[in-house]
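Visitor: structure, please.
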Amino acid sequence: MATADKPLAGQIAIVTGGSSGIGAGVVLAMAAAGAAVVVNYRSGVEGAEAMVGKVHAAGGRAVAIGADVSDEAQVEQLFREAEAAFGPPDILVANAGLQRDAAFAEMTLEQWRTVLDANLTGQFLCARAAVRAFRRRGPRAKVSRALGKIICMSSVHDVIPWAGHVNYASSKGGVSLLMRSLAQEVAPERIRVNAIAPGAIRTPINREAWETPEAEAQLLRLIPYGRVGEPEDIAEAAVWLASDASDYVVGTTLYVDGGMTLYPAFREGG
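Guide: Have a look, this model is predicted:
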């Protein structure tokens, strides 16, 4: 039974890309909120096992399962193994993603496809598997008002153009309409689909942007709130979106960005 300090008690969450960065933060927060968590990883098995160890040390339940989210067969196997470990999921956090940056004219087809396959097709495959699992399992009114919850991890670059990162921005723009179109389709079944769009978060994927005082000062020019985000900022938002506290929130992208999407360059009048 959910409580104020354990709003996800009795629920099962799958977090893709859960071995580091934002995904790791989400794993810890969902476990602390009472969920049993499947920590998906593609290649970082040590990181995934470390996250499982942290959850167990705090008295929670977690298991690490490897799968490449861009591979249909591996996604199906991920969901089978997750169900064998804990039962059918209540929550999917489709977080796995990557970057392969290049100037547009030099970008290779491989760089384009690698990013779109992981960031967009991967979310499609995982969300499809989750919807199917929710339907098979049926409602669990004692633990969740919704039949199931899907949280798509997007980015402020679903609305902010990003030169030199056309593949990444295109993938996140796709996630935005994937999320909203799916939310429209499955909401009548009481499946809630939403997205989180992080701004600059202190993770390994963008270390160069914040690891020196000079780099951080440059980055802060883009953040009206005056600090770089932490994985915990995204994780707490994910817990809220997965809980009954947000039961009437459907098809929404929550921008957790310190105001980056306010286009701070225009503060002085443009």
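
Visitor: just checking, residue 255 touches residue 197?
Guide: Yes: using Cβ atoms under 8 Å, residue 255 is in contact with residue 197, at 4.7 Å. C-beta here means a position set from N, CA and C on the backbone, and glycine is covered the same way.

Visitor: which one's more surrounded, those two?
Guide: residue 197 (25 against 21; other Cβ atoms under 10 Å).

Visitor: so what sits against both of residue 255 and residue 197?
Guide: Both residue 255 and residue 197 are contacted by 156, 261, under the criterion Cβ atoms under 8 Å, 6 or more residues apart in numbering.

Visitor: output the longest helix along the chain in PDB with nothing but the alpha carbons.
Guide: The single longest helix within the chain, with elements called by DSSP state H, is helix 166-186. Output of helix 166-186 as PDB, limited to C-alpha atoms (Å, rounded to 0.1, in the frame of the first residue of the first chain):
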ATOM      1  CA  VAL A 166      21.300  17.200 -35.500                       C
ATOM      2  CA  ASN A 167      20.800  13.500 -34.900                       C
ATOM      3  CA  TYR A 168      20.300  13.900 -31.100                       C
ATOM      4  CA  ALA A 169      17.900  16.800 -31.500                       C
ATOM      5  CA  SER A 170      15.900  15.000 -34.100                       C
ATOM      6  CA  SER A 171      15.700  11.900 -31.900                       C
ATOM      7  CA  LYS A 172      14.300  13.900 -29.000                       C
ATOM      8  CA  GLY A 173      11.900  15.800 -31.200                       C
ATOM      9  CA  GLY A 174      10.600  12.400 -32.300                       C
ATOM     10  CA  VAL A 175      10.300  11.300 -28.700                       C
ATOM     11  CA  SER A 176       8.000  14.300 -28.000                       C
ATOM     12  CA  LEU A 177       5.500  13.300 -30.600                       C
ATOM     13  CA  LEU A 178       5.900   9.600 -29.900                       C
ATOM     14  CA  MET A 179       5.000  10.300 -26.300                       C
ATOM     15  CA  ARG A 180       2.000  12.500 -27.100                       C
ATOM     16  CA  SER A 181       0.600  10.300 -29.800                       C
ATOM     17  CA  LEU A 182       1.000   7.200 -27.600                       C
ATOM     18  CA  ALA A 183      -0.600   9.000 -24.700                       C
ATOM     19  CA  GLN A 184      -3.600  10.000 -26.800                       C
ATOM     20  CA  GLU A 185      -4.000   6.400 -28.000                       C
ATOM     21  CA  VAL A 186      -3.800   4.500 -24.600                       C
END
